[in-house]
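Trainee: okay, structure incoming, though there's no sequence with it:
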């Protein structure tokens, strides 16, 4: 792992945003990559459901950030009904970077160039602490469901297939 992820500009942007918003958790740099929810859960020693997957979708060419529990598969058709459009698709890497400022694998729920419409998986509320990406595949931060809603201005939603 080089260079030091803690000095990466994206991680610094997340840290600054968390500080500005009065978030309680500190960014933690992991030895191993946390590009997937399973990898992050293993590195942290927590349940996969405690990992916040930051997924970006294109809805009529506008970004939609979905913060889903790591053990869930987001239902794209359900997203369409939640946001009132039939045009929902998983965003490609260029769209993600343009709208979030992050590369896939390190998309944080905060620190974007502009506020994003955000849905937050209600199942994350089952955990006292959840972990989200902090701008780099080796960086995460702890938060709570309530704080995640506050930090993102997100809307609680059931986003997963049952």
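Mentor: That came in fine, so what should we check first? All figures in this text were calculated on a predicted structure; none of them were measured in a lab. Residues are numbered from 1 along each chain as shown.
Trainee: which residue ranges of the protein form helices?
Mentor: 9-20, 37-44, 76-83, 93-100, 145-152 (DSSP state H).
Trainee: in JSON lines, list the ones you listed along with distance to residue 129 and mean neighbour count.
Mentor: No exception for glycine: its C-beta is placed from N, CA and C like everyone else's. Shown next, in JSON lines, are the helices of the chain (distance: least, CB to CB, whole Å; neighbours: other CB atoms under 10 Å):
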{"stretch": "helix 9-20", "distance to residue 129": "15", "mean neighbour count": "18"}
{"stretch": "helix 37-44", "distance to residue 129": "10", "mean neighbour count": "18"}
{"stretch": "helix 76-83", "distance to residue 129": "26", "mean neighbour count": "16"}
{"stretch": "helix 93-100", "distance to residue 129": "23", "mean neighbour count": "16"}
{"stretch": "helix 145-152", "distance to residue 129": "9", "mean neighbour count": "19"}
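Trainee: including distance to residue 56 and mean pLDDT, could those helices go into CSV?
Mentor: As requested, the helices of the chain are exported to CSV (distance: least, CB to CB, whole Å; pLDDT from 0 to 100):
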stretch, distance to residue 56, mean pLDDT
helix 9-20, 15, 94
helix 37-44, 15, 92
helix 76-83, 11, 90
helix 93-100, 5, 96
helix 145-152, 13, 97
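Trainee: residue contacts, the residue lying closest to residue 63 once chain neighbours are set aside?
Mentor: Spatial nearest neighbour of residue 63, chain neighbours left out: residue 99 (4.0 Å); criterion: CB to CB, 6 or more residues apart in numbering. Taking CB atoms under 8 Å, 6 or more residues apart in numbering, we find residue 99 in contact with 56, 63, 91, 112-114, 116.
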